[in-house]
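> Predicted model follows, preceded by the sequence.
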Amino acid sequence: MNLKEITMAIPDVQSSADSRELPINKVGIKSIRHPVKVLDKSGGVQHTIATFNMYVGLPHNFKGTHMSRFVEILNSDAREISVENFESMLREMVVKLEAKTGHLEMSFPYFINKEAPISKVRSLLDYEVTFIGEILDDNRFRQTTRVVVAATSLCPCSKKISERGAHNQRSHITITATTNSFVWIEEIVQMAESQASCELYGLLKRPDEKHVTERAYDNPKFVEDIVRDVAGVLNADPRIDAYVVESENFESIHNHSAYALIEKNKLL
């Protein structure tokens, strides 16, 4: 028997009928890693490893989905996975899984070569990026980009009440933006970094350390200030239809974090 004959002889349990009449919103595979390439704003290409979550909607009358087909799509010889073919891969997934809706997440570290403010020494800084693609019921494609940006925040209250100095902390500013046209990762990073007390750098010399310390001191921000200021930038950008902006400040004088979130759909 050839492979086709053997396959036809084996029962296909996933495709059997289900009598419970309960559709499943998302079914698929999580946390599978695969090489990808990502274009950066300078014209270069970053080769990295992404973690994929791949789901489709399952109609009420099907018992299960074909999990192996998700892996086959990732390993297709006809494609090198990139941001540019993200939508086409998602549409292929929906067709191969015989589904009406699909959801694809691709998370990866992204590096930006940053220049220190005074010495101009260059070093790489990494950011956590996730591309989220969805095929909706009406076959529309929707893309969302999530970027986690580490920055510095300095407490305005501490600065006001202290005779010497002020406490500061590392902040994680997360922007999750649904866009109607292309936005560079670097642009989203800049939207967050520009509204922090000070941005971070991979490498600093002593003159740089002096500069960033004084910049943070001159630019104090509560966690509430950060999300409001970032939201203002996102509101002004016509390429962004909806967003969630979060800030988590890992407190240096408390055993807890401070957190704030603003969510807005600009189309409503």
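Looks like it came in fine. Numbers count the residues shown, from 1 in each chain.

> and the residue nearest to Lys96 when sequence neighbours are not counted, how many neighbours?
Ranked by Cβ to Cβ, 6 or more residues apart in numbering and with sequence neighbours excluded, the top spatial neighbour of Lys96 is Arg69, at 5.1 Å. The way it works is simple: take the backbone N, C-alpha and C, and place the C-beta from them, glycine included. Residues within reach of Arg69, counting by other Cβ atoms under 10 Å, total 18.

> Could you give the backbone dihedrals for Met191?
phi -60, psi -40 (degrees, to the nearest 10).

> looking at this, the residue nearest to Lys96 is in a helix?
Yes. Assessed by DSSP: H, G, I helix; E, B strand; the rest coil, Arg69 belongs to a helix.

> Distance of it relative to Glu80?
Counting by Cβ to Cβ, to the nearest Å, the gap from Arg69 to Glu80 is 19 Å.

> As a check, name the ranges of all helices in the stretch 51-200 of the chain.
With DSSP state H, counting those that start in this stretch as the criterion, the stretch 51-200 of the chain has helices at 67-74, 86-96, 156-161, 185-193.

> Can you pull out the residues in contact with the second one?
The one in question is helix 86-96. With Cβ atoms under 8 Å, 6 or more residues apart in numbering as the test, helix 86-96 has contacts from 54, 56, 69-70, 72-73, 79, 81, 99-102, 104, 106, 131, 133-135, 141, 143.

> repeat for the last one
Residues outside helix 185-193 that contact it (Cβ under 8 Å, 6+ apart): 38, 40-41, 110, 112, 127, 129, 145, 147, 149, 151, 173, 175, 177, 199, 230, 233-234, 237.

> Let me know which of the helices of the stretch 51-200 of the chain is tucked in deepest.
Each of these was scored by mean neighbour count; the highest is helix 185-193, a mean of 21, by mean count of other Cβ atoms under 10 Å.

> Now for the closest residue to Ile32 other than its chain neighbours: which residues touch it?
What sits nearest to Ile32 in space, not counting adjacent residues and going by Cβ to Cβ, 6+ apart, is Phe52, at 5.1 Å. Listed by Cβ under 8 Å, 6+ apart, the contact partners of Phe52 are 29, 31-34, 74, 104-107.

> same check, this time on Val212
With contacts defined as Cβ under 8 Å, 6+ apart, Val212 is in contact with 117, 152, 198-199, 201, 204.

> Could you export the residues you listed as TSV, including distance to Tyr259?
Converted to TSV, those look like this (distance: Cβ to Cβ, whole Å):
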residue	distance to Tyr259
Pro117	29
Thr152	17
Cys198	20
Glu199	20
Tyr201	25
Leu204	28
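
> Among those, the buried ones, what's the ChimeraX command?
Buried residues within those, by 16 or more other Cβ atoms under 10 Å, are selected in ChimeraX with:
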select :117,152,198,199,201,204
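
> Could you tell me which of the contacts of Val212 belong to strands?
When DSSP state E is applied, these are split such that 152, 198-199 fall in strands.

> tell me which of those residues is nearest to Asn255?
Nearest to Asn255 among those is Thr152, at 19.8 Å by Cβ to Cβ.

> For the residue nearest to that closest one when sequence neighbours are not counted, give me its contacts.
Excluding the flanking residues, the one nearest Thr152 by Cβ to Cβ, 6+ apart is Cys198, at 4.3 Å. With contact taken as Cβ under 8 Å, 6+ apart, Cys198 is in contact with 151-152, 154, 212, 215-216, 219.

> can you rerun that using 7 Å?
Applying Cβ atoms under 7 Å, 6 or more residues apart in numbering to Cys198 gives the contacts 151-152, 212, 215-216, 219.

> that older thread, what about the residue nearest to Lys96, distance to Val212?
49 Å.

> Buried by neighbour count: which residues of the host helix or strand of Val212 qualify?
When elements are defined using DSSP states H and E, Val212 is found to belong to helix 206-218. Going by neighbour count (16+ other Cβ under 10 Å), the buried part of helix 206-218 is 208, 211-213, 215-216.
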